[in-house]
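Chemist: Coordinates for the following, if possible.
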Amino acid sequence: MQLVINTYGAYLRKSGNCFLVRRDEKSFEIAAGKVDSILITTAAYITTDAIKLAVDNNIDIVFLDAHGDPYGRVWHPKLGSTTLIRRRQLEIYESLEGLDLIKEWGLKKLDNQIELLSRLKKARAEMRDVLDGYIQEIEKSREQMKRLRGTVDARRQEVLGLEGKASRAYFEAISAIMPERYRFSGRSRNPARDEFNALLNYGYGVLYSLVEKGCIIAGLDPYVGLLHTDSYNKMSLVYDIIEMFRIYIDETVVHLFTRRMVKDEFFEPLEQGVGLGKDGKAALIEVVNKSLDETVHYRGRNVKTRNTIQMECHRIANGLIRPGQETDMEGWDVLVDEDDLKADEERSC
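Modeler: Alright, predicted model coming up:
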């Protein structure tokens with residue numbers, strides 16, 4: 001489970017082998033073995049013994065800003081695995097394999113978009129023709145992406161252009177099925193211009209932290225990306241890999257609106273847009289965690305949705321050191337410390 005600290009002035013400390021959370025006059029304890037990560041979304045106090053308990057139990061502590069973007073994290077100092085993986089990340093950029101990876105991730109993103117719109121279409125007979133049109137636009141981008149050949153450098157702008165074109169069609173389609181009051185005009189970030197993007201941005205922030213954690217555990221360097229260019233303190237690989245998993249947040253946010261679960265008090269006005277208030281953050285994180293804890297069939301296994309991120313990061317790392325070989329998840333122990341893996345499996349049982 002994810003322990004979320006979202007009350008201003010809350011206090012987190014160690015109590016035996018448990019975390020003790022105190023807020024106002026109330027307090028509760030939770031065993032460290034039941035916690036996957038700790039998310040702190042507001043000004044709060046945390047003691048060094050609580051930090052050490054988290055580190056000893058492979059629990060990352062993530063700090064989110066007002067927009068949901070991670071601005072810091074506490075994690076143990078061990079490398080996820082051999083440095084060979086990092087070397088291969090640098091080498092693959094110049095090879096044809098690099099573009100193949102980028103295409104794989106991009107095509108997965110477009111497939112997810114098509115699948116979600118197709119499901120939404122089934123329950124909306126009056127919107128089928130409209131949604132079919134948007135789906136066809138995304139399918140065109142998908143076919144063009146499949147045909148790309150060469151290196152990442154040679155095809156970067158084409159890949160980004162096709163992803164952007166598909167995303168515009170995708171979000172126009174989603175806006176079309178929103179309750180009229182919440183329809184929006186495209187993506188907007190930091191700050192969002194509307195309620196939909198405010199929720200989406202914050203959800204993506206939570207997802208970024210999960211992908212970064214997946215990279216670290218698998219031994220991937222989150223700063224060595226392929227499609228997204230290098231920049232100071234920019235986790236380029238996280239931005240690359242997250243594309244396959246944005247659907248987890250997209251679908252959750254869409255359902256919040258279409259099921260009439262969104263309330264006015266979720267939001268607060270910002271100088272140039274809309275932000276999430278305390279109630280909105282709490283409501284979103286609750287439904288996101290519930291969705292991520294659902295069991296799905298993924299690559300031959302029944303696993304929690306959140307664990308598919310870790311599985312994919314391990315698969316990518318395996319592919320880097322075993323080029324040309326498709327590996328199943330039995331190869332995880334090659335890439336991670338055995339004690340780390342055992343702890344992860346125990347927490348997911």
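
Chemist: Okay, the closest residue to Met178 other than its chain neighbours and Asp250: tell me how far apart.
Modeler: Nearest non-adjacent residue to Met178, counting by C-beta to C-beta, 6 or more residues apart in numbering: Phe257, 5.6 Å away. Yep, even glycine has a C-beta here, placed from its N, CA and C like the rest. Here the criterion is C-beta to C-beta, to the nearest Å. By it, Phe257 lies 11 Å from Asp250.

Chemist: State the helix or strand in which the most centrally placed residue in the chain lies.
Modeler: Closest residue to the average C-alpha location of the chain: Leu207 at 2.4 Å, with C-alpha atoms, centre = their mean. In the assignment (DSSP states H and E), Leu207 maps to helix 195-218.

Chemist: That helix packs against which elements?
Modeler: strand 37-40, strand 60-64, strand 70-74, helix 236-241, helix 246-258, strand 273-276, helix 278-292, helix 307-321 (3 or more C-beta pairs under 8 Å, 6 or more residues apart in numbering; DSSP states H and E).

Chemist: Mind checking those for the one nearest to Met1?
Modeler: Nearest to Met1 among the helices and strands packed on helix 195-218 is helix 278-292 (7.4 Å), distances taken as C-beta to C-beta.

Chemist: how about that closest one: buried residues?
Modeler: When burial is assessed from 16 or more other C-beta atoms under 10 Å, helix 278-292 yields the following buried residues: Gly280, Lys281, Ala283, Leu284, Ile285, Val287, Val288, Asn289, Ser291, Leu292.

Chemist: ok, and what's touching the helix or strand following it?
Modeler: Scanning forward in sequence from helix 278-292 by DSSP H and E, the next helix or strand is strand 295-298. Strand 295-298 is contacted from outside by Asn302, Val303, Lys304, Thr305, Asn307, Thr308, Met311, using C-beta atoms under 8 Å, 6 or more residues apart in numbering.

Chemist: now stretch 301-309
Modeler: Residues contacting stretch 301-309 (C-beta under 8 Å, 6+ apart): 36, 210-211, 214, 245, 248, 291-296, 298, 311, 329, 348.

Chemist: which among those end up buried?
Modeler: Asp36, Leu210, Val211, Gly214, Phe245, Tyr248, Ser291, Leu292, Met311, Met329.

Chemist: which pair in the residues you listed spans the largest distance?
Modeler: Checking the buried ones among the contacts of stretch 301-309 with C-beta to C-beta, the most distant pair is Ser291 and Met329, at 21.9 Å.

Chemist: Tell me how the protein divides into domains.
Modeler: Domains of the chain are assigned by automatic domain parsing as 2-57, 97-216+228-313.

Chemist: So what would you say the end-to-end distance of the first one is?
Modeler: By that I understand domain 2-57. Domain 2-57 stretches 14 Å from its first residue to its last (C-alpha to C-alpha, to the nearest Å).

Chemist: Return the distance of that domain from the chain's centre.
Modeler: Chain-centre distance of domain 2-57: 22 Å, with C-alpha atoms, centre = their mean, to the nearest Å.

Chemist: now the last one
Modeler: Here domain 97-216+228-313 is found 9 Å from its chain centre; the criterion is C-alpha atoms, centre = their mean.

Chemist: as a whole number, average confidence for it?
Modeler: Domain 97-216+228-313 shows a mean pLDDT of 94.

Chemist: In terms of secondary structure, what does the helix or strand containing Arg168 contact?
Modeler: Using DSSP H and E, Arg168 sits in helix 152-177. Judged by 3+ C-beta pairs under 8 Å, 6+ apart, helix 152-177 is in contact with helix 96-122, helix 128-146, helix 246-258.

Chemist: which other residues reach the last one?
Modeler: Meaning helix 246-258. So helix 246-258 is contacted by 109, 112-113, 115-116, 120, 174, 177-179, 182, 196, 199-200, 203-204, 206-207, 261-262, 283-284, 287-288, 291-292, 305 (C-beta under 8 Å, 6+ apart).

Chemist: Report the buried residues of that helix.
Modeler: Under 16+ other C-beta under 10 Å, the buried positions of helix 246-258 are Arg246, Ile247, Tyr248, Ile249, Asp250, Glu251, Thr252, Val253, Val254, Leu256, Phe257, Thr258.

Chemist: quick one on the thing from earlier: the residue nearest to the centre of the chain and Glu243 touch, don't they?
Modeler: No. Counting by C-beta atoms under 8 Å, Glu243 is not a contact partner of Leu207; they are 10.6 Å apart.

Chemist: For Met145, give its distance to Gly133.
Modeler: 19 Å.

Chemist: More neighbours: those two, which one.
Modeler: Between Met145 and Gly133, Met145 has the larger neighbour count (other C-beta atoms under 10 Å), namely 21 against 12.

Chemist: Contact partners for the more buried one?
Modeler: Contacts of Met145 by C-beta under 8 Å, 6+ apart are Lys103, Gly106, Leu107, Leu110, Val159, Leu162, Glu163.

Chemist: Including distance to Glu271 and neighbour count, could the residues you listed go into TSV?
Modeler: Formatted as TSV, those follow (distance: C-beta to C-beta, whole Å; neighbours: other C-beta atoms under 10 Å):
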residue	distance to Glu271	neighbour count
Lys103	40	20
Gly106	35	24
Leu107	39	17
Leu110	35	22
Val159	35	20
Leu162	34	22
Glu163	30	19
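
Chemist: If I follow the layout properly, Ile46 ends up in contact with Leu53?
Modeler: No. Judged on C-beta under 8 Å, Ile46 makes no contact with Leu53 at a distance of 10.6 Å.

Chemist: quick one: pLDDT of Gly331?
Modeler: Reported pLDDT for Gly331: 36.
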